[in-house]
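[1] Would you be able to build a 3D model of this:
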Amino acid sequence: MRIERRLWAAVEPLHAVVYFAPETAEAAKAVGLRGYWMGYFAGRLAPLGPIGPEPATAVLFCFAPAMVARALPDAWTFASPADVVASRLAAVSAALRRVLGDGHEELVTLLERAVGACRCDGRPLAAAWAAVPEPADPLARLWRGGA
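    Numbers count the residues shown, from 1 in each chain. As a prediction, the model looks like this:
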């Protein structure tokens, strides 16, 4: 297995928590997003800015365009991309803290080093999340490293 695939397999469980944790749905609702799919699409794509359904569908590639169009661009009338990013990072911090507890600074450092050596060519979403300013919370940094 290639090293990139091994890295993905190692961090995907940390990243996937955001899709299923109740903290994520609560955070999306708290910033004004309506329903799971609006929170999902806005939360994933917020670092790209207030994009509409056409580029969102192209970036995500596996969703029906009509499904994406029901959530975007309406999501941006309820919450700004910056607010969605902040709420997503706070939610994932809370979710990972609930599941893992604290004390993972060494893992954060190692993951950031590994991710820093990766390129984002052809991965606009990875590039956008990599451009999000480094969160202060170590668990938010851990999640962002796997995003």
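
[2] Assign P133 to helix, strand or coil.
    coil (DSSP: H, G, I helix; E, B strand; the rest coil).

[3] My read is that P138 contacts V108, right?
    Yes: applying C-beta atoms under 8 Å as the test, P138 and V108 come out as touching, 5.0 Å apart. Bear in mind the C-beta positions are built from the backbone N, C-alpha and C, glycine included.

[4] Pull out the buried residues from the top helix by length along the chain.
    Taking DSSP state H as the criterion, the chain has its longest helix at helix 81-100. Neighbour counts over helix 81-100 (16 or more other C-beta atoms under 10 Å) mark 81, 83-97 as buried.

[5] any idea which of those is closest to M1?
    L96 (25.5 Å; C-beta to C-beta).

[6] Give me the neighbour count for the spatially closest residue to the closest one that is not a sequence neighbour.
    Using C-beta to C-beta, 6 or more residues apart in numbering and skipping the chain neighbours, the partner closest in space to L96 is L139 (4.2 Å). L139 is flanked by 24 other residues according to other C-beta atoms under 10 Å.

[7] Helix or strand: which one has the spatially most central residue of the chain?
    Geometric centre of the chain, nearest residue: R44, 4.8 Å, by C-alpha atoms, centre = their mean. R44 is part of helix 36-45 when elements are defined by DSSP states H and E.

[8] Just want the angle from that helix to helix 81-100.
    Interaxial angle of helix 36-45 relative to helix 81-100 (axes from the mean of the first three to the mean of the last three C-alpha atoms, to 10 degrees): 100 degrees.

[9] which parts of helix 36-45 are buried?
    Here helix 36-45 shows 37-45 as buried, counting by 16+ other C-beta under 10 Å.

[10] Need the residues that contact it.
    18-19, 24-25, 28-29, 33, 51, 56, 59-60, 67-68, 70-72, 74-76, 78-79, 81, 84, 87-88, 125, 128 (C-beta atoms under 8 Å, 6 or more residues apart in numbering).

[11] What average pLDDT does that helix get?
    Helix 36-45 shows a mean pLDDT of 97.

[12] Might you report the residue contacts of the closest residue to E54 other than its chain neighbours?
    Among residues not flanking E54 along the chain, P65 sits closest, at 7.6 Å (C-beta to C-beta, 6+ apart). Contacts here follow C-beta under 8 Å, 6+ apart; on that basis P65 touches 53-54, 57.
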